[in-house]
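Asker: Next come a sequence and a model predicted from it.
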Amino acid sequence: MRFHIITIFPEFFTAPLSYGVTGRAIDKGLIKVQAHNLRDYTTDKHRTTDDSPYGGGSGMVMKVEPVARAVSAIKVLDSKDKTGKSRSRVILTTPQGVPFTQALARELSALDEVIIICGRYEGVDERIRDLVDMEVSIGDYILTGGEIPGLVLIDSVSRLIQGVLGSADSKEDDSFSNGLLEYPQYTRPPEFNGSIVPEVLLSGDHAAIKRYRKKESIRRTLQKRPELMEKASITPQDYEIIAELKKEKK
Ligand code: SAM
């Protein structure tokens with residue numbers, strides 16, 4: 001899978017992507033990340049990428065032409081899925097976009113190419129919206145630029161690509177993957193400051209461990225993020241666990 005980033009700070013991405021899972025995925029050729037300097041797509045001698053807003057007001061606005069030129073220069077893959085839909089997406093990072101979720105990360109991980117536009121200042125000229133497939137927000141807060149959202153997208157999408165994580169299981173139990181939060185995890189020592197590891201985890205009884213984890217996963221989702229339960233896929237066994245948890249509460 002290829003990620004293209006359009007940014008005025010291409011160097012921003014070098015260090016964060018060279019460590020751990022993403023670093024190894026790049027080394028193995030499972031993902032390719034290319035940061036494109038927006039200034040290379042300007043035509044004036046000062047390589048201008050922003051200008052003052054029409055109508056006045058504070059701050060600067062990113063000009064549409066350099067971004068448009070960058071998008072059309074980069075979008076080279078044109079593969080389609082079975083339904084004839086393009087396997088490339090042009091994404092504008094913006095706090096006004098659709099919330100980025102694990103489900104969206106999974107959807108993007110099935111593509112061949114993702115082009116990420118990183119805004120700065122007051123954002124990009126409104127007319128860029130006609131050239132993008134999707135606007136994505138990483139949360140209801142304002143960052144200074146789209147580079148961190150770009151990294152968030154690349155990191156979370158990459159780990160869902162076949163072969164990027166060591167064990168296939170390690171991502172299936174992750175929080176949000178099945179709609180629930182993940183169960184609590186423990187490692188050595190078995191006792192710390194008087195707090196002990198639940199006995200079942202030391203029992204070697206795989207069926208009991210599986211049930212314990214499911215129960216704790218449901219327990220913490222109900223406690224910490226009850227609204228997630230509405231969309232989670234609940235099995236008949238899960239309903240039994242929910243009833244058990246309700247009884248325990250009483
Ligand atoms: N004036 C814009 C607004 O109120 O919607 C915010 C511009 S913000 C200071 C500059 C850039 O940072 C945006 O163009 C976008 O690329 C990025 N950005 C900031 N917060 C973001 C968020 N929560 N999600 C995604 N991108 C964000």
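Answerer: That came in fine, so what should we check first?

Asker: For Thr94, which non-adjacent residue is closest in space?
Answerer: Among residues not flanking Thr94 along the chain, Glu135 sits closest, at 5.0 Å (Cβ to Cβ, 6 or more residues apart in numbering). No exception for glycine: its C-beta is placed from N, CA and C like everyone else's.

Asker: close enough to count as contact, that neighbour and Val90?
Answerer: No: judged on Cβ atoms under 8 Å, Glu135 makes no contact with Val90 at a distance of 10.1 Å.

Asker: Compare those two (neighbour count), which wins?
Answerer: Counted by other Cβ atoms under 10 Å, Glu135 and Val90 do not tie: Val90 has more neighbours, with 22 against 16.

Asker: May I see the buried residues of the strand or helix carrying the more buried one?
Answerer: Val90 is part of strand 88-99, with elements assigned from DSSP states H and E. If you call a residue buried by 16 or more other Cβ atoms under 10 Å, then strand 88-99 has these buried ones: Ser88, Arg89, Val90, Ile91, Leu92, Thr93, Thr94, Pro95, Gly97.

Asker: Paired strands for that strand, with orientation please.
Answerer: strand 113-117 (parallel), strand 134-137 (parallel) (DSSP bridges).

Asker: Next secondary structure element downstream of it?
Answerer: That would be, after strand 88-99 and using DSSP H and E, helix 102-109.

Asker: Show the contacting residues for Ala70.
Answerer: Ile6, His36, Leu38, Asp40, Tyr41 (Cβ atoms under 8 Å, 6 or more residues apart in numbering).

Asker: what's the farthest-apart pair in these?
Answerer: Spatial extent of those (Cβ to Cβ) is set by the pair Ile6 and Asp40 at 9.9 Å.

Asker: For those two, indicate the residue with more neighbours.
Answerer: Neighbours per residue (other Cβ under 10 Å) separate Ile6 from Asp40, with Ile6 holding more: 30 against 13.

Asker: For that one, give its distance to Val124.
Answerer: Using Cβ to Cβ, to the nearest Å, we find Ile6 at a distance of 10 Å from Val124.

Asker: Counting neighbours, what do you get for Gln102?
Answerer: 16.

Asker: State the pLDDT value of it.
Answerer: Listed pLDDT for Gln102 reads 96.

Asker: Excluding chain neighbours, what is closest to it?
Answerer: Spatial nearest neighbour of Gln102, excluding adjacent residues (Cβ to Cβ, 6+ apart): Phe176 at 3.8 Å.

Asker: Surely Leu165 and Asp173 touch.
Answerer: No: if you go by Cβ under 8 Å, Leu165 and Asp173 don't touch, sitting 11.8 Å apart.
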